[in-house]
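Visitor: quick check, what structure comes out for this input:
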Amino acid sequence: MEQIVTFSILVEWVLRIYSWVHIAAFLLSWINADPNNQIVYWINRVTIPMWNWVRYKLPQNLSAFAPIMALLLVIFGEIVLPGIVRTVGASIINDMALDDSLFNIVRYLAYGGLYIFSSIIWFVFILSVLWFVFTLVNPPLNNPFVRAIWFLVDPLITPIQRYLPRSRIDFSPLVLAILALIFRSLVERLMIPVQSGLLI
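Guide: So this is what the prediction gives:
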């Protein structure tokens, strides 16, 4: 069992480092780093193929968010895969009954899903704040990043706008941001019993 735990820790650290590499790739893309630099070249080589794969799976209007979706997938694996490795290993060496193993795997999948869902809600919060700032400065809608944010936020703020009084400033993005924070706190409360129910 000790070797299985060690392997699960190794899997967790590999995925964690890979998530850090994704974050580094984000930062490098913002500062227009030299692609011919060996470090920059290596980071792009190990992240961009996954970004392109996720971008191919997403609708065209959401393609700008492929790097973030790719990072969330890596984080999901970082949460779920080490636990599944430990659970399957314990089941193989008869340290855990088969039904308990299946139950534990489902728990890990549920916890990982809730964690990603919480992260997406936090992402909606950030987008709402950004869109509120955009409404104040009126950026060009032909910008792909601005259009992608509008595509995501508009279906969420349109119902809110119906119930808000008309004013010179559109406060619906701020209302959405507050609702996102409340909803995220509820999701995190659901995560507590799921996490406490994990057997290994």
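
Visitor: show me the helices in the chain, by range?
Guide: Ranges of helices in the chain, per DSSP state H, are 2-30, 38-57, 66-92, 98-137, 144-163, 172-196.

Visitor: determine which stretch of the ones you listed is the most buried.
Guide: helix 66-92 (a mean of 19; mean count of other Cβ atoms under 10 Å). Where you see a C-beta, it was placed from the backbone N, CA and C, and this is true even at glycine.

Visitor: tell me the average confidence for it?
Guide: The pLDDT scores in helix 66-92 average 89.

Visitor: can you give me the offset of it from its chain's centre?
Guide: 13 Å (Cα atoms, centre = their mean, to the nearest Å).

Visitor: give me the helices and strands touching it, please.
Guide: helix 2-30, helix 38-57, helix 98-137 (3 or more Cβ pairs under 8 Å, 6 or more residues apart in numbering; DSSP states H and E).

Visitor: hang on, the earlier thing: by mean pLDDT, show me the worst of the helices of the chain.
Guide: When the helices of the chain are ranked by mean pLDDT, helix 144-163 comes last with a mean of 82.

Visitor: now that one against helix 98-137, angle please.
Guide: 90 degrees (axes from the mean of the first three to the mean of the last three Cα atoms, to 10 degrees).

Visitor: quick one: helix 144-163 to helix 172-196, angle?
Guide: Going by the same axes, to 10 degrees, helix 144-163 makes 100 degrees with helix 172-196.

Visitor: quick one, what contacts Trp122?
Guide: Ala180, Arg184 (Cβ atoms under 8 Å, 6 or more residues apart in numbering).

Visitor: can you lay out the helices and strands packed on helix 66-92 as JSON lines showing distance to Leu152?
Guide: Formatted as JSON lines, the helices and strands packed on helix 66-92 follow (distance: least, Cβ to Cβ, whole Å):
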{"stretch": "helix 2-30", "distance to Leu152": "18"}
{"stretch": "helix 38-57", "distance to Leu152": "15"}
{"stretch": "helix 98-137", "distance to Leu152": "6"}
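
Visitor: which among the ones you listed is found nearest to Ile160?
Guide: Nearest to Ile160, of all the helices and strands packed on helix 66-92, is helix 98-137, at 10.0 Å by Cβ to Cβ.

Visitor: could you break this structure into its assigned domains?
Guide: With domains defined by automatic domain parsing, the chain comprises 1-96, 117-200.

Visitor: measure the shortest one end to end?
Guide: In terms of Cα to Cα, to the nearest Å, the two terminal residues of domain 117-200 are separated by 23 Å.

Visitor: just give me the residue closest to the centre of the chain.
Guide: The chain has Leu72 as the residue nearest its centroid, 3.2 Å off, counting by Cα atoms, centre = their mean.

Visitor: list the contacts for it?
Guide: Ile116, Ser119, Ile120.

Visitor: check contacts around the closest residue to Phe132 other than its chain neighbours.
Guide: Spatial nearest neighbour of Phe132, chain neighbours left out: Pro173 (3.8 Å); criterion: Cβ to Cβ, 6 or more residues apart in numbering. If you count contacts by Cβ under 8 Å, 6+ apart, Pro173 has them with Ser128, Val129, Trp131, Phe132, Thr135, Val153, Ile157.
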